[in-house]
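Novice: Could you look at this predicted model? Sequence included:
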2 protein chains.
Amino acid sequence: MRYELYYWTGIQGRGEFVRLALEDAGASYVDVAREKGDGVMAAFLEGEHEGAPPFAPPFLKAGRLVIAQTANILQYLGPRLGLVSDSESGRIYAHQLELTISDIVAEVHDSHHPVAGGLYYADQKAEAKRRAADLRRTRLPKFLGYFEHVLQRGGGRHPLRRHSYVDLSLFQLMSGLDYAFPRAMRRLSPKLPQLTTLRQRVAQRPNIAAYLQSPRRLAFNEDGIFRHYPELDDPA
Amino acid sequence: MRYELYYWTGIQGRGEFVRLALEDAGASYVDVAREKGDGVMAAFLEGEHEGAPPFAPPFLKAGRLVIAQTANILQYLGPRLGLVSDSESGRIYAHQLELTISDIVAEVHDSHHPVAGGLYYADQKAEAKRRAADLRRTRLPKFLGYFEHVLQRGGGRHPLRRHSYVDLSLFQLMSGLDYAFPRAMRRLSPKLPQLTTLRQRVAQRPNIAAYLQSPRRLAFNEDGIFRHYPELDDPA
């Protein structure tokens, strides 16, 4: 199966969680918009195509199936790429964790766009400062503390009892947070030893290490979800 | 199977999406916190129990399984309650739609709490006015227009080609929005004929009609997700 991934060019964004799974597994895939431009997604988003209409990118074309929603795509790919447990309970748990990652990713996005995704950051900077302060002080400790607990419960190495797409997504979450909020993450990291180790371990997986060195891995930037605005981080 | 639903007492909240599925199917279930108090959830949320740790309510106990995340619970219950298609593609699509409903529900929540869930509404009213204006003018038309399109594509009656838990969740979404934003919904409804009809049709399903009349259906209120603050609605 040659998968077709559709996601905005120019940012890692939510597409990156899917990309990491495809790369780690060495799957055959095309990053369609990067080859043909963002316009190639219009027909899907306007419902003028075969298959289920996505609300937004990322979406994956797998044969005749069109699958949208990041966590839904990973749930589909998991067993096909060998990136989840064989048991039903393991798959349900993996998906639950992935949906919780989606929730904190959405909160990170809203920390720089608390009023409206369609407005510039500069037009909601005052609100962003209040929201980002709550994210750093309340929400990140709560979510990351939960994932740390989940890792301890799994024996320290993995949230499940084996490598899975959840490890890859936690790597991406930790990487993005370190980029966006380096000072806050330095403050929080002593309480997150397992997450810190997991991130390093994932980065050393051969296919991931090769991917991170490749031009396919875009740099984090201020058009994506994880943005480095120093005024939103802990005070220096 | 006697299911155990765990969710905060006093509000419909996200638990209501699960409750509607259980009620529509006439499933055997206990609404545990309503019988024993919110404290019964603490052991789960602190990870001191058997099974996967939930990040937050709602979660469902099904035998030894503990399943969290609303859409994940519905995905699990769907085939067991006869509330989703038999085909894999139908199930993936149903889940995708449910996740998109979760997204707009989170945006509705943030329209009255754009800065922090832990702060009072009164402490973020100015920000809420800006965010709610964008929700009413940009986000609701986009999401509801998408679901209207999805209904048309399904033939008008259902998003899938049959009744499913997605119908029930769209009923809840439309009901909550009518409660929270009556003026905005009056403005938007002429463009949403299929969603309006679906909402009426679901309300007339015998088990749902009986549930809505029962004391188990709490009224919408200003502690829940859908809150009626007139200053956040369209101007009179």
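Specialist: Arrived safely, thanks for sending. Keep in mind the model is a prediction, meaning the values are calculated, not measured.
Novice: Quick check, pLDDT for the closest residue to residue A:114 other than its chain neighbours.
Specialist: Nearest residue to residue A:114, sequence neighbours excluded (CB to CB, 6 or more residues apart in numbering or on different chains): residue A:131, at 4.1 Å. Backbone N, C-alpha and C define where each C-beta goes, glycine included. Looking at residue A:131, its pLDDT is 97.
Novice: so residue A:131 makes contact with residue B:116?
Specialist: Yes. At 6.9 Å, residue A:131 counts as touching residue B:116 under the criterion of CB atoms under 8 Å.
Novice: between the two, who's got more neighbours?
Specialist: residue A:131 (27 against 20; other CB atoms under 10 Å in any protein chain shown).
Novice: Grab the longest helix from chain A for me.
Specialist: If you go by DSSP state H, chain A has its longest helix at helix A:88-112.
Novice: now for it, which elements pack on it?
Specialist: Applying 3 or more CB pairs under 8 Å, 6 or more residues apart in numbering or on different chains; DSSP states H and E, we find helix A:88-112 packed against helix A:70-80, helix A:125-134, helix A:140-153, helix A:165-180, strand B:65-68, helix B:70-80, helix B:88-112.
Novice: any chance of these in TSV, plus distance to residue A:227?
Specialist: Listed next are the helices and strands packed on helix A:88-112 as TSV, based on distance: least, CB to CB, whole Å:
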stretch	distance to residue A:227
helix A:70-80	19
helix A:125-134	10
helix A:140-153	15
helix A:165-180	6
strand B:65-68	29
helix B:70-80	27
helix B:88-112	18
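Novice: in chain A, which ranges drop under the pLDDT threshold?
Specialist: Within chain A, no range satisfies pLDDT under 70.
Novice: so how far is chain B from the residue of it most remote from its centre?
Specialist: Farthest-out residue of chain A from its mean C-alpha position, per CA atoms, centre = their mean: residue A:48, at 27.8 Å. Distance, residue A:48 to chain B, by CB to the nearest CB, to the nearest Å: 11 Å.
Novice: Repeat that for residue A:124.
Specialist: Distance from residue A:124 to chain B, counting by CB to the nearest CB: 8 Å.
Novice: ok, that residue touching residue A:113?
Specialist: Yes. Residue A:124 lies in contact with residue A:113 (CB under 8 Å); the separation is 6.5 Å.
Novice: on that earlier part again, closest to residue A:219 out of the helices and strands packed on helix A:88-112?
Specialist: Among the helices and strands packed on helix A:88-112, the nearest to residue A:219 by CB to CB is helix A:165-180 (8.9 Å).
Novice: how far does that closest one sit from the chain's center?
Specialist: Helix A:165-180 sits 7 Å away from the centroid of its parent chain (CA atoms, centre = their mean, to the nearest Å).
Novice: and the next element down the chain from it?
Specialist: For helix A:165-180, the following helix or strand on the C-terminal side (DSSP states H and E) is helix A:182-188.
Novice: Using CSV, write out every CA atom in that following helix.
Specialist: The C-alpha coordinates for helix A:182-188 follow below in CSV (Å, rounded to 0.1, in the frame of the first residue of the first chain):
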residue,chain,number,x,y,z
PRO,A,182,12.3,26.4,26.6
ARG,A,183,12.2,28.2,30.0
ALA,A,184,9.0,26.6,31.3
MET,A,185,10.2,23.1,30.1
ARG,A,186,13.5,23.6,32.0
ARG,A,187,11.5,24.3,35.1
LEU,A,188,9.2,21.3,34.5
